[in-house]
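Participant: Need a 3D model of the sequence below.
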Amino acid sequence: MASLQGISYKVVKGGPMLETSAALVTTSTGVAQDVFGKPGKRQVTLLSAQQWLAACEALDTELPWTTRRANLLIDGISFSEKDLGKVIHIGALQLEITGETDPCKKMEMAYAGLEAALRPDWRGGVTCRVLNDAEICIGDSVQLAD
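Facilitator: Sure thing, here's the model as predicted:
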């Protein structure tokens, strides 16, 4: 069964990722306190633990998942184009998958080669719109629905 393995947010643009064990996620703020949580298609970003591992293996290194600057780390699901429009349930939270999180130059600045390692097979994760307000915490079950 898939589960939530990490929660992070940033309080200032370009600032460090701050990890937490629980968070309120809302339709108006995304992950509470995250500077980019405004309503829209990219309110919350999700990263697959398996796809992150594949990117790190391509670089022959181990990097903390927060290097990707995503909000949520999901174990047990790999994302792809076929997931567009699907709803992912994390505990009581519902998120609509709206697109791929494109790797950017910040990834290259974080680690040489990381931007290219994240490009194949949606390794960079997905963007989501928040559909309801809910509290989430590490260990919550995760399900992907059509």
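Participant: From here on, just use CA atoms for contacts and neighbour counts.
Facilitator: Noted.
Participant: So which residues make contact with stretch 133-146?
Facilitator: Under the criterion CA atoms under 8 Å, 6 or more residues apart in numbering, residues 1-7, 21-27, 74, 85-93 lie in contact with stretch 133-146.
Participant: So the residue most central in space within the chain, which state does it fall into?
Facilitator: Note on the chain: the residue nearest the mean C-alpha position is residue 46, at 1.8 Å, using CA atoms, centre = their mean. Following DSSP: H, G, I helix; E, B strand; the rest coil, the label given to residue 46 is strand.
Participant: Identify the bridge partners of it.
Facilitator: Applying DSSP bridges to residue 46 gives these bridge partners: residue 72, residue 126.
Participant: from here on, count from 52
Facilitator: Let's use 52 as the start, then, which means that last one is residue 97.
Participant: circling back to that earlier point, now a PyMOL select for only the buried ones of the contacts of stretch 184-197.
Facilitator: Per 16 or more other CA atoms under 10 Å, the buried members of the contacts of stretch 184-197 correspond to this PyMOL selection:
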select buried, resi 54+55+56+57+58+73+74+76+77+78+125+136+138+139+140+141+142+144
